[in-house]
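A.B. asks: quick one: sequence and predicted model below, then my questions.
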Amino acid sequence: MGRPLWIIVVSAGIILGIIAGIRQGFGLFLLPMSAGNGVSREAFAFSMGLQNLIWGFGAPVAGAIADRYGPRLVAAAGILLYVAGVVVMAADWGGGQMLASGFLLGIGMSGAGFSVVLSAVGRAAPPAHRAKALALASFGGSIGQFMALPYTHLLISEIGWVTALLVLGATSLLAVPLAMGLGPRVVPAEPAAARLGLGAALGAAARDRSFVLLTVGFFVCGFQLAFIMVHLPPYLGDKGMAPWLGAAALTLVGVCNIAGTLACGWLGQRFEKRLVLTGLYLMRTALLAGFLLAPLSEASVLVFAAGMGFTWLPTIPLTNGLVAQLFGPTYLSTLFGVVFLSHQVGGFVGPWLGGLAYDWTGSYDVVWWICAGLGLLAALLHWPIDERRAGRAALSPSSA
């Protein structure tokens, strides 16, 4: 028997708050780890990018398992692997711990991240309330980011980065029992989709123009968010800004993300999701260009962080909801996992390219402008998505 929707939403929100929140603060460890055991910026950034890439490739696999057997055990196993990745990051293996940590964190997030956890919400919620339920679950991730960043900054300042990682790993264990709140597998009453096998559903999605545009566009979201999360604090340090500003900026991202997630959940109920997504990417482009062109100051950093925070996580529930609208919830974890793979490829390229550009040129400027240009490209890709036609036509019995 399925769980009540409110239990699933609350459980998903707290899991994302703990796991995604702590993960958002990893950029705060770049400078102390570089000074403490000689990890280069490129090695650190490559590890963060590897984490994103493995998470992306693992998401469709974890999603398929969750679609078949339910999300509870998949999420619980993912959380435990995530904890192992956080703890391994604290080891001193001459830099080798960063690769091992990136691998474990990536696999862990495949099971405990958005594709499985949010899809449990999207599957359980009725279509009329799906956007709201997804926004509320994502709201937990926003709260977690707001709380985890100052928590992480305080731990590093008071007990050092090694012990801070161990404490963060222990904190992450709190999410394990919450995975049981996601409920067992519930097969929705969708005869046409249910009669198709997973392979046929994937093939139908691959032939759907809107699904392809959504998938390609989500690459940009991953590129932008991962680059900013990893490289904004050291970028500000390089410019002579006070150390607290990087943590404050990422915390402000989390605070404003709360308002953005709720606002975009409301907008997604009333307007076409592709229009809301187009607007979000255009807003990011304007913010990035303004940040680069305006004189750098504490005020400009905080304004930029606030604006980016408003656009930070809303893309994820809107994209998940759009996939559910196009193809229904039967294979939602798997299909959103495919879209999320594109996001995570961007999440690999963004931080790695940032670290590589810095090591080669001593500057992040080129990658900042690439971020801005990609935002405009993403807006152009989302605009022609036809969500009213809905790819379910490809899942009709006559096409099976």
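C.D. replies: Received, thanks. Model, not experiment: these values are computed from the prediction.

A.B. asks: helix or strand next in line after the strand or helix carrying residue 43, which one?
C.D. replies: Assigned by DSSP states H and E, residue 43 belongs to helix 41-69. Once helix 41-69 ends, the next helix or strand along the chain (criterion: DSSP H and E) is helix 71-89.

A.B. asks: that next one - what's its average pLDDT?
C.D. replies: Averaged across helix 71-89, pLDDT comes to 92.

A.B. asks: buried ones in it?
C.D. replies: Using 16 or more other CB atoms under 10 Å as the test for burial, helix 71-89 gives 71-89. Quick note: C-beta positions are derived from backbone N, CA and C, even for glycine.

A.B. asks: hmm, residue 50 and residue 355 touching each other?
C.D. replies: No - between residue 355 and residue 50 there is no contact under CB atoms under 8 Å: 11.7 Å.

A.B. asks: which of those two has more neighbours?
C.D. replies: Just comparing residue 355 and residue 50: by other CB atoms under 10 Å the higher neighbour count belongs to residue 355, 27 against 20.

A.B. asks: now that one: which helix or strand?
C.D. replies: Per DSSP H and E: residue 355 is located in helix 332-361.

A.B. asks: now for that helix, which elements pack on it?
C.D. replies: In terms of contacts (3 or more CB pairs under 8 Å, 6 or more residues apart in numbering; DSSP states H and E), helix 332-361 is packed against helix 41-69, helix 114-124, helix 198-206, helix 209-238, helix 315-327, helix 365-382.

A.B. asks: contact partners of the second one?
C.D. replies: Contact with helix 114-124 is made by 2-3, 5, 8-9, 12, 15-16, 20, 59-60, 62-63, 66, 71, 74-75, 78, 110, 130, 133-134, 137-138, 182-183, 186, 188, 316-317, 320-321, 324, 329, 332-333, 336-337, 340, as judged by CB atoms under 8 Å, 6 or more residues apart in numbering.

A.B. asks: so for residue 18, what's the pLDDT?
C.D. replies: Looking at residue 18, its pLDDT stands at 89.

A.B. asks: again, but for residue 307
C.D. replies: pLDDT for residue 307: 94.

A.B. asks: give me every residue that touches it.
C.D. replies: 256, 283, 287.

A.B. asks: distance of the first one from residue 178?
C.D. replies: Distance of residue 256 to residue 178, computed by CB to CB, to the nearest Å: 26 Å.

A.B. asks: ok, now how distant is residue 216 from residue 140?
C.D. replies: Residue 216 sits 28 Å away from residue 140, taking CB to CB as the criterion.

A.B. asks: higher neighbour count, those two?
C.D. replies: Between residue 216 and residue 140, counted using other CB under 10 Å, the more crowded position is residue 140 (24 against 16).

A.B. asks: find the nearest non-adjacent residue to that one, please.
C.D. replies: Spatially, and ignoring its direct neighbours in sequence, residue 140 is nearest to residue 13 (2.5 Å; CB to CB, 6 or more residues apart in numbering).

A.B. asks: pretty sure that neighbour contacts residue 135?
C.D. replies: No - look at residue 13 against residue 135 with CB under 8 Å: they stay out of range, at 10.1 Å.

A.B. asks: any low-confidence regions in the stretch 151-300 of the chain?
C.D. replies: 184-198 (pLDDT under 70).

A.B. asks: can you rerun that using 80?
C.D. replies: Regions of the stretch 151-300 of the chain meeting the criterion pLDDT under 80 cover residues 183-202, 230, 243, 247, 250-251, 254, 265, 268-269.

A.B. asks: in it, which spans are helices?
C.D. replies: 161-172, 191-195, 198-206, 209-238, 243-270, 273-293, 298-311 (DSSP state H, counting those that start in this stretch).

A.B. asks: just the CA trace of stretch 209-219, in CSV.
C.D. replies: The C-alpha coordinates for stretch 209-219 follow below in CSV (Å, rounded to 0.1, in the frame of the first residue of the first chain):
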residue,chain,number,x,y,z
ARG,A,209,11.5,16.4,-30.3
SER,A,210,10.4,18.0,-27.0
PHE,A,211,12.1,15.4,-24.9
VAL,A,212,15.3,15.8,-26.9
LEU,A,213,15.2,19.6,-26.5
LEU,A,214,14.5,19.3,-22.8
THR,A,215,17.4,16.9,-22.4
VAL,A,216,19.9,19.0,-24.3
GLY,A,217,18.8,22.2,-22.5
PHE,A,218,19.3,20.6,-19.1
PHE,A,219,23.0,20.3,-19.8
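
A.B. asks: which parts of it are buried?
C.D. replies: 210-219.

A.B. asks: now, among these, which is nearest to residue 296?
C.D. replies: The nearest member of those to residue 296, counting by CB to CB, is residue 219 at 28.0 Å.

A.B. asks: quick one: contacts for that closest one?
C.D. replies: 342-343, 345-346 are the contacts of residue 219 under CB under 8 Å, 6+ apart.

A.B. asks: okay if I get these as a markdown table plus neighbour count, distance to residue 385 and pLDDT?
C.D. replies: Shown next, in a markdown table, are those (neighbours: other CB atoms under 10 Å; distance: CB to CB, whole Å; pLDDT from 0 to 100):
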| residue | neighbour count | distance to residue 385 | pLDDT |
| --- | --- | --- | --- |
| 342 | 20 | 14 | 92 |
| 343 | 28 | 16 | 90 |
| 345 | 19 | 20 | 88 |
| 346 | 28 | 18 | 90 |
